[in-house]
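S.K.: pasting the sequence and the predicted coordinates here, then a few questions.
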Amino acid sequence: MTHRDRFEAVYDAHYPAIHQYAARRTGSPDDTADVLSETFLTAWRRIGDVPEGEEALLWLYGVARRVLANQRRGAARRAVLTERLRAELAADRPVSPAGLEHVRAAFDGLPQRDREVLALACWEGLTGEQIAKVVGCTAIAARTRLHRARKRLTAALERQASLTIAMEEA
């Protein structure tokens, strides 16, 4: 019997049991599929180590158990890294100086296209030519977009200022 024939026999005989084993211990069909594929990949690579008969099923259970353990450790590591990254990003987030909420409100009220070119120019410090490369247009078009976005931001800021004054007078 060739290695391939041996693997196919083990797979055909024990796939349903290993599938149920994995499905009962995972949270999603994708995780189950991952356990199955890793388990049978190990069996394929180590077909010479797979015992005969019912011992093969026990061997596969052991492999699946280790695959599940590795999956859980990986998930735990990812959760810790995610939490650490979330904390670092929260600490590095720029804080708006007091009294500039109206600027943020005016900026947020602009169309996405305007916010993008303004952010690239002001926050990232890009030139018109660099903005053109980022957004995929000519340098002249980028400078025109930036000029128009600045005019719209100025108008939005003036509206915000008028609203603020009107609210204070009321």
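M.R.: All right, it came through fine. Everything numeric here is computed off the predicted structure, so don't read it as measured data.

S.K.: mind listing what's buried along the strand or helix carrying Gly62?
M.R.: Element membership for Gly62 (DSSP states H and E) is helix 54-92. Of the residues in helix 54-92, those buried by neighbour count under the rule 16 or more other CB atoms under 10 Å are 56-57, 59-60, 63-64, 67-68, 71. (Each C-beta comes from the backbone N, C-alpha and C, glycine too.)

S.K.: what's in contact with the host helix or strand of Phe7?
M.R.: Assessed by DSSP H and E, Phe7 sits inside helix 3-25. Here helix 3-25 makes contact (CB atoms under 8 Å, 6 or more residues apart in numbering) with 1, 29, 31-32, 35-36, 39-40, 43-44, 47-48, 50, 56-57, 60-61, 64, 68.

S.K.: mind giving me the packing neighbours of the helix or strand just after it?
M.R.: Counting by DSSP H and E, the element after helix 3-25 in chain order, helix or strand, is helix 29-45. Using 3 or more CB pairs under 8 Å, 6 or more residues apart in numbering; DSSP states H and E, the elements in contact with helix 29-45 are helix 3-25, helix 54-92.

S.K.: rank those by pLDDT, which is bottom?
M.R.: Among those, helix 54-92 carries the lowest mean pLDDT, a mean of 91.

S.K.: find the centremost residue of this protein, please.
M.R.: In the chain, the C-alpha nearest the mean C-alpha coordinate belongs to Thr82, at 10.3 Å (CA atoms, centre = their mean).

S.K.: how much space separates that one from Leu89?
M.R.: Distance, Thr82 to Leu89, using CB to CB, to the nearest Å: 11 Å.
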